[in-house]
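Asker: fold the following.
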Amino acid sequence: MRRSLVIFVKEPRPGRVKTRLARDIGAVDAAWWFRHQSARLIRRLAAGRRWHSVLAVTPDGEGLASRVWPAGIARWPQGRGNLGARMARALTGMPPGPVIVVGADILAVTPGHIAEGFRLLGRYDAVLGPATDGGYWMIGLKRGGRPAPAGLLGEVRWSSAHTLADAVASLAPLDIGYAATLRDVDTADDLQR
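Answerer: Have a look, this model is predicted:
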């Protein structure tokens, strides 16, 4: 059994990524920021050997063939469905062992944060890393113990103040540990902070 870190990325095309940020700074600048922020984060988190890193890409064909992302890291197509369906597939579809999923727009996430998430999965069935806006930047499952709930991430109100609470509800009856609270970047104000 191995630890898997799945980093969710979207092909960085203007108008396709960071649409709320794009309203503030423009679609081209938002795509440029996401592309460079994501590449830095991927290199930082995938550098060690403490876990197996995978890029979960979308759109599938374009993401699998893309030259935007650092080479040498396994890629996995996110597939169809809303964000919850795609994340649930990643959480349950990786090889046996604990799995953590993160997005690529969290400036402050470090390998230490990921290591803490895996440590928490040694004591809990699931882990969440809350975000300051009511969402979350990390979700993980221990796997090998209790099975993932059938409704995992099925009824989450995405991009809202309810996102974390809805994710917690979808994880019932699993025991949940909480990692550090971090800030994601959705607006120009978030970027300045």
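Asker: by mean pLDDT, which helix or strand of this protein comes out lowest?
Answerer: helix 188-192 (a mean of 82; mean pLDDT, DSSP states H and E).
Asker: quick one: distance of it to the chain centre.
Answerer: The chain centre lies 20 Å from the centre of helix 188-192; the measure is Cα atoms, centre = their mean, to the nearest Å.
Asker: okay, strands next: where are they in the protein?
Answerer: Ranges of strands within the chain are 4-10, 52-58, 74-77, 99-103, 126-130, 136-141, 176-178, based on DSSP state E.
Asker: strand partners of the shortest one, parallel vs antiparallel please.
Answerer: It refers to strand 176-178. strand 126-130 (parallel) (DSSP bridges).
Asker: for the strand it pairs with, what does the pLDDT average out to?
Answerer: Averaged across strand 126-130, pLDDT comes to 97.
Asker: then stretch 64-84?
Answerer: 93.
Asker: thinking again about what came up before, and the least confident helix or strand of the chain, what does it pack against?
Answerer: Counting contacts by 3 or more Cβ pairs under 8 Å, 6 or more residues apart in numbering; DSSP states H and E, helix 188-192 is packed against helix 19-25. Heads up, the C-betas are built off the backbone N, CA and C, glycines and all.
Asker: show me what the helix it packs on is packed up against.
Answerer: The contact analysis (3+ Cβ pairs under 8 Å, 6+ apart) places helix 19-25 against helix 27-46, helix 188-192.
Asker: identify the residue spatially nearest to the residue sitting nearest the centre point of the chain, adjacent ones excluded.
Answerer: Centrality entry for the chain: nearest residue to the mean C-alpha point is Val102, 2.1 Å, by Cα atoms, centre = their mean. In space, Val102 comes closest to Met138 once its chain neighbours are excluded; the distance is 5.2 Å by Cβ to Cβ, 6 or more residues apart in numbering.
Asker: now swap in Leu152 and tell me
Answerer: Ala88 (4.4 Å).
Asker: also Val99?
Answerer: In this structure, Val99 finds its nearest non-sequential neighbour in Ser4, 4.6 Å apart by Cβ to Cβ, 6+ apart.
Asker: in the sheet, who's paired with the residue nearest to Val102?
Answerer: With DSSP bridges as the rule, Met138 is bridged to Val102, Gly129.
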